[in-house]
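Novice: Let me see the structure of the following:
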Amino acid sequence: DNTDDQQITDFSLTGNTLTLTLENGGTQDVDLSGYVSTDDQNLTLSGNTLGIEDGNTVDLSPYLDNTDDQNLTLSGNTLGIEDGNTVDLAPYLDNTDDQNLTGATLTGTTLQIDIENGSSANVDL
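Specialist: Numbering: from 1, shown residues only. Sure thing, here's the model as predicted:
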């Protein structure tokens, strides 16, 4: 009579069991545990060897290039990097704080030194 079309009215998943609820109240459980993957694919690195859990390893040594030591040099106001570029630091130097001594006073065993545009310094002799 074509009146029992059994439309699915609800889905629910509990653990690995899919429950289908059909019209008129019937349910059908489907066990999905056979489709659940336990292959978590954890990676490990031991020295230069990369490995995958329950799988192969790859030696990464041929891909290492430890020759770029990046030594720095300073010549005058020029900063350089080995096998690379240089930077002229002169524009960043501010040599206006010459800190000239403006006076010295000896009081007993204490020498007071006065510094231009700065605080005085006391030295206990």
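
Novice: Need the CA coordinates for stretch 14-27. PDB is fine.
Specialist: Written as PDB, here are the backbone C-alpha positions of stretch 14-27 (Å, rounded to 0.1, in the frame of the first residue of the first chain):
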ATOM      1  CA  THR A  14      26.900   7.200  21.400                       C
ATOM      2  CA  GLY A  15      30.500   6.000  21.400                       C
ATOM      3  CA  ASN A  16      30.800   3.900  18.200                       C
ATOM      4  CA  THR A  17      27.100   3.200  17.900                       C
ATOM      5  CA  LEU A  18      24.900   5.200  15.400                       C
ATOM      6  CA  THR A  19      21.200   5.000  16.300                       C
ATOM      7  CA  LEU A  20      18.700   5.800  13.500                       C
ATOM      8  CA  THR A  21      15.200   6.600  14.700                       C
ATOM      9  CA  LEU A  22      12.500   5.800  12.100                       C
ATOM     10  CA  GLU A  23       9.100   7.300  11.800                       C
ATOM     11  CA  ASN A  24       6.500   5.400  13.800                       C
ATOM     12  CA  GLY A  25       9.100   4.900  16.600                       C
ATOM     13  CA  GLY A  26      11.300   2.100  15.300                       C
ATOM     14  CA  THR A  27      15.100   2.400  15.800                       C
END
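
Novice: contacts for that stretch?
Specialist: Here stretch 14-27 makes contact (Cβ atoms under 8 Å, 6 or more residues apart in numbering) with 4-13, 28-33, 36. For every residue, glycine as well, the C-beta is placed using N, CA and C.

Novice: Restricted to strands, list the residues you listed.
Specialist: 8-13, 28-31 (DSSP state E).

Novice: Quick check: the two most widely separated of those residues?
Specialist: Spatial extent of those (Cβ to Cβ) is set by the pair Thr9 and Asp31 at 20.8 Å.

Novice: higher neighbour count, these two?
Specialist: Applying other Cβ atoms under 10 Å to Thr9 and Asp31 shows that Thr9 carries more neighbours, namely 13 against 10.
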